[in-house]
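> output the structure for:
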Amino acid sequence: MITEDELREILRQQCNELGNAAIWSRNNKVSNSYISDILSGRRPIGKKVASRLGMEAVKLYKKINED
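A predicted model of the protein is given here:
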């Protein structure tokens, strides 16, 4: 599993490999402004973008430390 920040970095790398975020957005049928917001950390990565990156979100639970 990876963090959202790590997935954001994967997205950033893919955008750079293609040339820019606009090309990635167009190729994946996602709004360029949405991708820009994700890359800047203003918005979380949604299901569609995660799926385009070959990932899906999962919910985890952690035991509370009882002192």
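
> for the helix ranked longest in the chain, what is the average pLDDT?
Taking DSSP state H as the criterion, the chain has its longest helix at helix 4-18. For helix 4-18, mean pLDDT rounds to 97.

> 17 is where my numbering starts, stick with that
With 17 as the first residue, the last one maps to helix 20-34.

> other residues contacting that helix?
Here helix 20-34 makes contact (Cβ atoms under 8 Å, 6 or more residues apart in numbering) with 18, 37, 39-40, 43, 51, 54-55, 57, 60-61, 65-66, 69, 71. For glycine as for every other residue, the C-beta is placed from the backbone atoms N, C-alpha and C.

> one more time with 7 Å, if that's ok
Residues from elsewhere that reach helix 20-34, judged by Cβ atoms under 7 Å, 6 or more residues apart in numbering: 37, 40, 43, 54, 55, 60, 61, 65, 66, 69, 71.

> list buried residues within the residues you listed.
37, 40, 54, 55, 61, 65, 66, 71 (16 or more other Cβ atoms under 10 Å).

> just these: which are in strands?
Per DSSP state E, strands hold no members of these.

> okay, those residues in JSON lines with pLDDT and distance to residue 28 next?
Compiled in JSON lines, the buried ones among the contacts of helix 20-34 are given as follows (pLDDT from 0 to 100; distance: Cβ to Cβ, whole Å):
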{"residue": "37", "pLDDT": "97", "distance to residue 28": "8"}
{"residue": "40", "pLDDT": "98", "distance to residue 28": "10"}
{"residue": "54", "pLDDT": "98", "distance to residue 28": "9"}
{"residue": "55", "pLDDT": "98", "distance to residue 28": "6"}
{"residue": "61", "pLDDT": "97", "distance to residue 28": "12"}
{"residue": "65", "pLDDT": "97", "distance to residue 28": "12"}
{"residue": "66", "pLDDT": "97", "distance to residue 28": "14"}
{"residue": "71", "pLDDT": "97", "distance to residue 28": "14"}
